[in-house]
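Chemist: Generate coordinates for the sequence data below:
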Amino acid sequence: MPILLGIAYASKKREKLKELSKASISIDEGIIGDRRGSSNQRQITVLFKNDWIDACKELGKDIPWIYRRANLFVSDLRARECSNRRILIGDVILRVNFETDPCSVMDNLHEGLMKALTPMWRGGVCCSVIKGGEIIVGEKIKLD
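Modeler: Prediction:
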């Protein structure tokens with residue numbers, strides 16, 4: 001069963017992400033304190049461990065997931081499996097809107113990372129919050 005492995009946010013553009021063990025999520029703000037939370041279609045970004053491992057293997061390097069600058073890190077799923085679905089984490093419901101396109105910031109963090117994240121939606125997905133609540137690292141995740 002998929003599990004929430006990590007939560008991260010940044011309160012300012014290009015700020016280093018801060019990892020959390022739990023977070024509050026709202027319809028208006030996404031992850032409370034995250035700078036992108038009010039962005040309608042891209043309130044929360046989700047990265048999937050299997051996709052991240054594939055990108056790292058392509059680079060021949062083990063890179064921490066927070067380099068991707070995603071909000072949530074999830075096990076045992078792939079981004080493409082989530083297309084046009086909803087992600088349920090406890091009481092929280094996220095609607096998957098589209099693939100997260102990797103940008104040049106990825107290459108600033110590690111040369112070639114942008115290209116490695118491009119195939120098969122390896123860069124993750126962008127979501128809107130349908131229902132807010134509390135999430136905790138280790139919680140089980142379902143697709144609807």
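Chemist: Report the buried residues of stretch 8-16.
Modeler: Buried positions in stretch 8-16, judged by neighbour count with 16 or more other CB atoms under 10 Å: Ala8, Tyr9, Ala10. The way it works is simple: take the backbone N, C-alpha and C, and place the C-beta from them, glycine included.
Chemist: What residues does Arg85 make contact with?
Modeler: Going by CB atoms under 8 Å, 6 or more residues apart in numbering, Arg85 touches Val96, Leu143, Asp144.
Chemist: Are any of those residues buried, and if so which?
Modeler: Here, 16+ other CB under 10 Å leaves Val96 buried among the contacts of Arg85.
Chemist: need the contacts of Arg85 in a markdown table with distance to Asn50, secondary structure and pLDDT, can you?
Modeler: Compiled in a markdown table, the contacts of Arg85 are given as follows (distance: CB to CB, whole Å; DSSP: H, G, I helix; E, B strand; the rest coil; pLDDT from 0 to 100):
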| residue | distance to Asn50 | secondary structure | pLDDT |
| --- | --- | --- | --- |
| Val96 | 16 | strand | 97 |
| Leu143 | 14 | strand | 97 |
| Asp144 | 20 | coil | 93 |
